[in-house]
Structures are given as C-alpha cells and as structure tokens.
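A.B. asks: Below: sequence and its predicted model.
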Amino acid sequence: MIGLMRGTLWKRLRSVTILCAIMATMGVVGSEGAVGDGKDETKGASPPRVSEESQKCIDCHRDGEVAPVIVSQWQQSAHARNNVGCYECHKAAKSDSDAFDHYGATISIIVSPKDCGACHAKVVAEFDGSHHAKGGQILGSLDNVLGEVVEGVPAANAGCKQCHGSEVKVIGNGKLDPTTWPNTGIGRLNPDGSKGSCSACHSRHAFSPMLARQPENCGKCHLGPDHPQYEIYNESKHGIAFRAFIHKMNLSSDSWVLGVDYDAAPTCATCHMSATKGLPLTHDIGTRISWNLRPEVSIKLADWEGRRDKMETVCQNCHTSEYVDGFYKQFDDVIELYNEKFAKPAQAVMKKLREAGKINPTPFDEEIEWTYFFLWHHEGRRARHGASMMGPDYTQWHGFYEVAHRFYIEFMPQAEHLLPGVTAEYMNSDFHKWTQGLSPEERERIRKFYQERYGQ
Ligand code: HEC
Ligand code: HEC
Ligand code: HEC
Ligand code: HEC
Ligand code: HEC
Ligand code: HEC
Ligand code: HEC
Ligand code: HEC
C-alpha cells in the first residue's frame, strides 16, 4: 500500500519535474526570470545570474515541487546575491564516494566543510583546528559505552550523534545510510574524510548570520544536565540584557563588530567567536578559554594566559579590567575549590577501589559508578560551568549543593561500604573536618538566626 502510494507520487513528481525541465529548455518558464523573478531579496541590484548548471536545479526544484522552499530560502541568501548556486555547492567529482548522477549533473547530498572551503578557506582552517571538529571522536569515551551499550544504538544515533556527529555512511549511488543521515552533528565524519558540519550552526539554505549569532543556535547542543551553558546564559545579566534589548542587537547586519555595530549585550558568539575592535572573528571556539572544565578534574589549557587575554579583550569593551579581574578571581577560586575539595579525593577513592578489586572493569554495572558519574559529569560540571558564565543558581543549587549531597551522603558512604577505611585520609582533611561536628558557637548562631527570623 505504502509502496503503491510512493510509486504514484514519484510518477507524478517525475512527470511534473521532467515537464518543467523541458519547458525550461524551451524557454517557457524562463530561466532568466527564475532567480530574479521579482520574489528574491536582492538588495536593489540587477537580477543575479547563476551558472547554467545551477539554473537547471533551481527551475526543477522550485517548479517541480521537490522541496521548493529550499529555492526560496536560497534566494534570500548572500550566496544567491553572489551567484553561488546549487551546483556550486553540491557539485562532486565522479570519484567521490557519495557522488551520484542527477539529471545530467554529478552531485552529492553532503556539502562538507571541504566543499565550503573552496571559497571560505580561512574559516574552514580555523574550524578544522577547533574542538568542534573533533566532536565526533567520542568512541573511546565512557559516555559512548553509556549511549551505545548501556542504552542502545538507536538512542545514540538519534541522541549523542545528532550533537557530536555521526560517521555518515554511503550505501551506494549517492544514497546515505539512514541510520547515519540526516545529521548535522558538530564533528560529523564526512564521506570525503573531512570533519564537521558547517550546517550545525549555519542552517541551510539561507545561511543566515542572524540565526548563527543567536544563543539558541549554540543552545541546541550546549544545554541540559551535563553542560547547561544555554540555561546559564539565560540566567545571567548578559542573557537578560540580550532579551531586553534584542531590537538593538543589529543581528542581521553584515558587519557585526562589538562596540561598533552593537553594544547592548554579549551573546555566546560575541564572547567566543565574534570580532571586537581588538580581535578578529574566529571559528576556533577554544581560542578564548583558559580552562577545560569537562574532565573529572579541571585542567588549564596550554597557553592559558594568552587565551584568557583574548577573552578579557572582549569583556573590556563593557567592563573595566579591575571588574574583569575580580570575575576571574571568583571563577578560578570555584574551580580550585571543586578540584581540591571534591574532584581529586573522589577520583583517588575510585582508584583505590579499583586497585583493591572492589569495582570490576565493566563501567555502569555498579551503583558507585553511577554515583561518581553524576558527581563529576553532571553536578560537578554544572557548578563549574555556572561560575564560568555568571549563572549563580547553576554554581550553587544545581551545582555545589548537588555535589555536596552526592559526595557526603552517597559517594563516600558507598565507598566506605565497599572498602572500610578507604575514605578516612580524605575525610580528615581540613575541607571535610566539619563532618565531625560544628562548634557549640556555630550551633548557637544557627539557633538564634531562626529564632529571630521566624520565632522558631
Ligand atoms: C529535472 C528535475 C531536477 C533537476 C534538474 C535537479 N533535481 Fe535535484 N531532485 C529532483 C527530484 C525529483 C528529487 C527527489 C528524488 C530523488 O532523490 O531523485 C531531487 C533530489 C535532490 C537532492 C536530494 C537527494 C536525497 O536523496 O535526499 C539533492 C541534494 C538535489 N536534488 C540537488 C540538486 C542539484 C544541486 C541540482 C542541480 C545540479 C538538481 N538537484 C537538479 C529533481 C531535480
Ligand atoms: C552554500 C552552499 C549550498 C547551496 C548554495 C545550496 N545548498 Fe543544498 N545543501 C547545502 C548543505 C550544507 C546541505 C545539508 C547537507 C550537509 O549538512 O552537508 C544541503 C542540503 C540539500 C538538500 C537535501 C536536504 C533536504 O533537506 O532535503 C537538497 C535537496 C538541496 N540541498 C538542494 C539544494 C538546491 C536545490 C539548491 C539551490 C537552490 C541548493 N541546495 C543550494 C549547501 C548548499
Ligand atoms: C562557490 C563559492 C562558495 C561556496 C562553495 C560557499 N560559499 Fe559561502 N559565500 C560565498 C560568497 C561569495 C559569499 C558572499 C561574500 C562573503 O560574505 O564572503 C558567501 C557568504 C557566506 C556567508 C555569510 C552570509 C551572509 O549573509 O553574510 C556564510 C555564513 C557562508 N557563506 C557559509 C557557507 C557555507 C557553510 C558553505 C558550505 C556549506 C559555503 N558558504 C559555501 C561563496 C561560497
Ligand atoms: C544536546 C547535545 C548533546 C548530546 C545529546 C550529547 N552530547 Fe556529549 N557533549 C555535548 C557538548 C555541547 C559537549 C561539550 C560541553 C562543554 O564543553 O562543556 C559534550 C561533551 C562530551 C564529551 C567530552 C568531550 C571532551 O573533549 O572532553 C564526551 C566524551 C561526550 N560529550 C560524549 C557524548 C555521548 C557518548 C553522548 C550520548 C550518550 C553524548 N555526548 C550526548 C553535547 C551533547
Ligand atoms: C559554532 C557555530 C558555527 C559553526 C560550526 C560554523 N560557523 Fe560560520 N559563523 C558562525 C557565527 C556565529 C558567525 C557570525 C559571526 C559574526 O558575525 O560575528 C559565522 C560567520 C560565518 C561567515 C561570515 C564571515 C564573515 O567574515 O562575515 C562565514 C563565511 C562562515 N561563518 C562560514 C562557515 C563555514 C564554512 C563553516 C564550516 C567550516 C562554519 N562557518 C561553521 C558560527 C558558526
Ligand atoms: C560574557 C561572555 C560569555 C558569554 C555571553 C558566553 N560565554 Fe561561554 N565562557 C565564557 C567564559 C569567561 C568562559 C570560561 C573561560 C575560561 O576557561 O577561561 C566560558 C566557557 C565556556 C565553555 C567551556 C566549558 C568547558 O567545559 O570547558 C563553553 C562550552 C561555553 N562557554 C559555551 C557558551 C555558550 C554556548 C554560550 C551561550 C549560550 C556562552 N558560552 C556564552 C564567557 C562567555
Ligand atoms: C551541533 C552541536 C553544537 C553546536 C550547535 C555548538 N556546539 Fe560548541 N561544542 C559541541 C561539542 C560536542 C563540544 C565538545 C567537543 C569535544 O571536546 O569533543 C563543543 C565544545 C565547545 C567549546 C569548548 C571548546 C574547547 O576548545 O574546549 C566552546 C567554547 C563551544 N563549544 C562554544 C560554542 C558556541 C559559542 C556555539 C554557538 C555559536 C556552539 N558551541 C555551538 C557541540 C556544539
Ligand atoms: C556588550 C557588553 C558586555 C560584554 C562584552 C560583557 N559584559 Fe558583563 N555585563 C554587561 C551588562 C550590560 C551587564 C549587566 C550590568 C548591570 O546589571 O548593571 C553585565 C554584567 C556582568 C557581571 C555582573 C553579573 C551580576 O549578576 O551582577 C559580571 C561579573 C560580568 N558582566 C562579567 C563579564 C565578563 C567576565 C565578561 C567577558 C568574559 C563580560 N562581562 C562581557 C555587558 C557586557
């Protein structure tokens, strides 16, 4: 039944599209008028002239009702204004593993960073050197065992890999394996060997800079229990100012230099990518950060001072250097506190349990492994990420509060149960001495506080 419906639909489409193609060659649906047919958004210029190859794609896809909106989205783009048509992006060499013949042209569905690089070489080189390009290389990680084994492969295909990127497989004649495609994961492994997906941020076919600059754009991936950067931004004064003054952000401007084209608020792109008076735009999103907050114990990056200088250049458009130094003092203190008080002791305890044979080598089959994962991968990251971007609720209630509860009430007792005495050397440190009892003065202060405030 479904097969039959498909057959009929296909025949209908094919007859319409072929008819259109013939009409186009006969000049019935003028190829001249197709792009600049009065509907396009070219800014007053004469109608753009695309290549002959692209004109065929446009005529058939627009009039043949094969996703015609693709054509109108493209018509509104800078690409259309600069005569970069369908064929210029989708063309492929016959030897490409994902190439196929399509109405006389050799094309591929995927337009990889390598393809964009024919015209945007500098951007592609920056992106290629970034952690984003490496986002698909997660096979060896604990998270991957979680996704592909503990949960299951379909979950990883529609979950992990839609953010990180799949290895897109070709099943023949240009068709892509549907378990690996559609996919715009940031570190997608493309059939041509290149890494990443520009459409992760530059949704096609408008390739709108306005869309790319929005915090929501980064928020597709940077959110949730293990890296809530989007939620943190929304909580921060920066996110508040962005929403209040969005009409002053000049988001659709060609040039978008902080302090020149806008000044109301910073977005994710402002701080991590975009140009300011002293800094060029970069597609390597790691060049302005000094810490890596993702591992169990946070680490400073190579040349962290140089990277931090760059970020400070951004801040100093809107804040004094003293204010910014104060922020970094508070942020660094949080990271040191997390590392020394919780991360290192918990990591050391896990190591001892493993060495003593109290945890087997299989991850996620024992309770303490989940407890530990929650501690560093979820709560510990939230505490650190909150402090890095001015989100106090994520530092405190979604962060350190959860860390403390997990550490004192679950992790340490579970470890003690598995190997009595294993926690002693850590619990006796100054950080954790409080568990041996508050002083009478401190208890009295707390009693008085509630007495005075609530009469209880
Ligand atoms: C005569 C009509 C016609 C012309 C010309 C044409 N297409 Fe298509 N195109 C179609 C139809 C019909 C489909 C959907 C069926 C299919 O997969 O073949 C399609 C599908 C596609 C797909 C998606 C394939 C998939 O499996 O998802 C891409 C990409 C594409 N076309 C790009 C182009 C480009 C680029 C050009 C110009 C070089 C072009 N088309 C020219 C009719 C046409
Ligand atoms: C600036 C480069 C660029 C131009 C110009 C361009 N495309 Fe695409 N197209 C892409 C990218 C990128 C994708 C998504 C695939 C990917 O992520 O690699 C895509 C995907 C597609 C798809 C398959 C996806 C879907 O949603 O079904 C079709 C069909 C398609 N393009 C047709 C066209 C047509 C028709 C034109 C001309 C009107 C065109 N493209 C112009 C870059 C381009
Ligand atoms: C054939 C050359 C060519 C290819 C291939 C190409 N572009 Fe472009 N692109 C241009 C030109 C020309 C412009 C307009 C001038 C400029 O801004 O540099 C442009 C502009 C852009 C802009 C700025 C848009 C704006 O409105 O200011 C983005 C974003 C962009 N391209 C992304 C891409 C991506 C992503 C790909 C691959 C999927 C791609 N381009 C492939 C030539 C190309
Ligand atoms: C909603 C999008 C999203 C999903 C779904 C997702 N991740 Fe991530 N993942 C991210 C982002 C964003 C980061 C980086 C966070 C940061 O820098 O703070 C990340 C970080 C990681 C890291 C750390 C990389 C490093 O360099 O330290 C690994 C490993 C990882 N993810 C694997 C996975 C696996 C496996 C799954 C599925 C079980 C998964 N992720 C699901 C977005 C996602
Ligand atoms: C992490 C999101 C992200 C990814 C991935 C990304 N871009 Fe961009 N890109 C942006 C943002 C945001 C801007 C606008 C920055 C601005 O104007 O300050 C931009 C701007 C651009 C511009 C306009 C540059 C200019 O000088 O005006 C081009 C061209 C471009 N990107 C191409 C690409 C290509 C090609 C890729 C793939 C290799 C890519 N981008 C991947 C976010 C991204
Ligand atoms: C006001 C500037 C600013 C804004 C706005 C901003 N960030 Fe950040 N971001 C920072 C600073 C500062 C750090 C920590 C830098 C360091 O390590 O020295 C950081 C760190 C990060 C990290 C690294 C986390 C890790 O695990 O190591 C990611 C990812 C990130 N930001 C993503 C985002 C996203 C996504 C948004 C928007 C939703 C955003 N940022 C908005 C300034 C900003
Ligand atoms: C499609 C998903 C996706 C989108 C969209 C995305 N990111 Fe990421 N981002 C990731 C993943 C995954 C990682 C971790 C990569 C790794 O370490 O393997 C990451 C890492 C980062 C890092 C840490 C880089 C480093 O060198 O350690 C920063 C900063 C960042 N992203 C900022 C941004 C900003 C800003 C945007 C929006 C302009 C954005 N991202 C959009 C998935 C995404
Ligand atoms: C485009 C201007 C702009 C940039 C760039 C910017 N900020 Fe801000 N920042 C603001 C505004 C506006 C506020 C809100 C001021 C207020 O409420 O009085 C703010 C508030 C703050 C606050 C106070 C937070 C609070 O909850 O009271 C801190 C801390 C801060 N910024 C640090 C930074 C740091 C660090 C950077 C660089 C990583 C940075 N800002 C980049 C505009 C900016």
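C.D. replies: Great, that's in hand. Ligands and ions are numbered 1, 2, ... in the order given.

A.B. asks: does any part of stretch 201-212 sit near ligand 5?
C.D. replies: Yes: Stretch 201-212 lies within reach of ligand 5 by C-beta under 6 Å from any ligand atom, at 201-202, 209, 212. Every C-beta, even on glycine, is put in place using the N, C-alpha and C of the backbone.

A.B. asks: If you rank the residues you listed by neighbours, which is first?
C.D. replies: Of the residues of stretch 201-212 next to ligand 5, C201 is surrounded by the most neighbours, 22 neighbours in total, counting by other C-beta atoms under 10 Å.

A.B. asks: For that residue, give its distance to ligand 7.
C.D. replies: Here the distance between C201 and ligand 7 works out to 5 Å (C-beta to the nearest ligand atom, to the nearest Å).

A.B. asks: Ok, G104 next?
C.D. replies: Going from G104 to ligand 7 by C-beta to the nearest ligand atom gives 34 Å.

A.B. asks: and the nearest residue to that residue once chain neighbours are set aside, what are its phi and psi?
C.D. replies: Leaving aside its chain neighbours, G104 sits nearest to K56 (7.4 Å; criterion: C-beta to C-beta, 6 or more residues apart in numbering). According to degrees, to the nearest 10, the main-chain angles of K56 amount to phi -60, psi -40.

A.B. asks: Do I have it right that K56 meets A105?
C.D. replies: Yes: counting by C-beta atoms under 8 Å, K56 does reach A105; the two are 7.3 Å apart.

A.B. asks: what is in contact with the two at once?
C.D. replies: Listed as contacting both K56 and A105 by C-beta atoms under 8 Å, 6 or more residues apart in numbering are Y87.

A.B. asks: So between those two, which is more surrounded?
C.D. replies: Taking other C-beta under 10 Å, K56 and A105 do not tie; K56 has more neighbours (24 against 16).

A.B. asks: Export the residues of stretch 201-212 next to ligand 5 to JSON lines and append columns for secondary structure and distance to ligand 6.
C.D. replies: Output for the residues of stretch 201-212 next to ligand 5, formatted as JSON lines (DSSP: H, G, I helix; E, B strand; the rest coil; distance: C-beta to the nearest ligand atom, whole Å):
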{"residue": "C201", "secondary structure": "coil", "distance to ligand 6": "11"}
{"residue": "H202", "secondary structure": "coil", "distance to ligand 6": "16"}
{"residue": "P209", "secondary structure": "helix", "distance to ligand 6": "16"}
{"residue": "A212", "secondary structure": "helix", "distance to ligand 6": "12"}
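
A.B. asks: Now flag whichever of those residues is closest to I138.
C.D. replies: Distances from I138 to those, taken as C-beta to C-beta, are shortest for C201 (19.2 Å).

A.B. asks: For the closest one, give me phi and psi.
C.D. replies: Backbone torsions of C201, given as degrees, to the nearest 10, read phi -110, psi -30.

A.B. asks: Spit out the contact partners of it.
C.D. replies: Contact partners of C201, counting by C-beta under 8 Å, 6+ apart, are 212, 217-218.

A.B. asks: Kindly report the same for G380.
C.D. replies: Applying C-beta under 8 Å, 6+ apart, we find G380 in contact with 296, 338, 342-343, 399, 403.

A.B. asks: Include pLDDT when you put these into a markdown table, please.
C.D. replies: Conversion of those to a markdown table gives the following (pLDDT from 0 to 100):
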| residue | pLDDT |
| --- | --- |
| E296 | 98 |
| Y338 | 98 |
| F342 | 98 |
| A343 | 98 |
| G399 | 98 |
| V403 | 98 |
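
A.B. asks: and those, which are buried?
C.D. replies: Buried by 16 or more other C-beta atoms under 10 Å: 296, 338, 342-343, 399, 403, out of those.

A.B. asks: how about these, which pair is most distant?
C.D. replies: Within the buried ones among the contacts of G380, two members stand farthest from each other by C-beta to C-beta: E296 and G399, at 15.6 Å.

A.B. asks: and the gap between V422 and ligand 8?
C.D. replies: As judged by C-beta to the nearest ligand atom, V422 and ligand 8 stand 40 Å apart.

A.B. asks: what's the answer for S252, then?
C.D. replies: From S252 across to ligand 8, the span is 18 Å (C-beta to the nearest ligand atom).

A.B. asks: again, but for R453
C.D. replies: Distance of R453 to ligand 8, computed by C-beta to the nearest ligand atom: 25 Å.

A.B. asks: Can you classify that residue by secondary structure?
C.D. replies: helix (DSSP: H, G, I helix; E, B strand; the rest coil).

A.B. asks: burial measure for it, as a count.
C.D. replies: Neighbours of R453 under the rule other C-beta under 10 Å: 8.

A.B. asks: Now do the same for it: its pLDDT.
C.D. replies: As predicted, R453 sits at a pLDDT of 94.

A.B. asks: quick one: it from T184, how far?
C.D. replies: 53 Å (C-beta to C-beta, to the nearest Å).

A.B. asks: in the stretch 201-350 of the chain, which ranges drop under the pLDDT threshold?
C.D. replies: With pLDDT under 70 as the threshold, the stretch 201-350 of the chain has no low-confidence stretch at all.

A.B. asks: Around ligand 3, which positions in it sit nearby?
C.D. replies: Close to ligand 3, as judged by C-beta under 6 Å from any ligand atom, the stretch 201-350 of the chain has residues 202, 207, 209, 254.

A.B. asks: OK, contacts around the closest residue to W304 other than its chain neighbours?
C.D. replies: Nearest non-adjacent residue to W304, counting by C-beta to C-beta, 6+ apart: S290, 3.9 Å away. Going by C-beta under 8 Å, 6+ apart, S290 touches 300-301, 304-305, 307-308, 311.

A.B. asks: Adding neighbour count, write those out as TSV.
C.D. replies: Converted to TSV, the contacts of S290 look like this (neighbours: other C-beta atoms under 10 Å):
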residue	neighbour count
K300	14
L301	15
W304	14
E305	9
R307	18
R308	19
M311	18
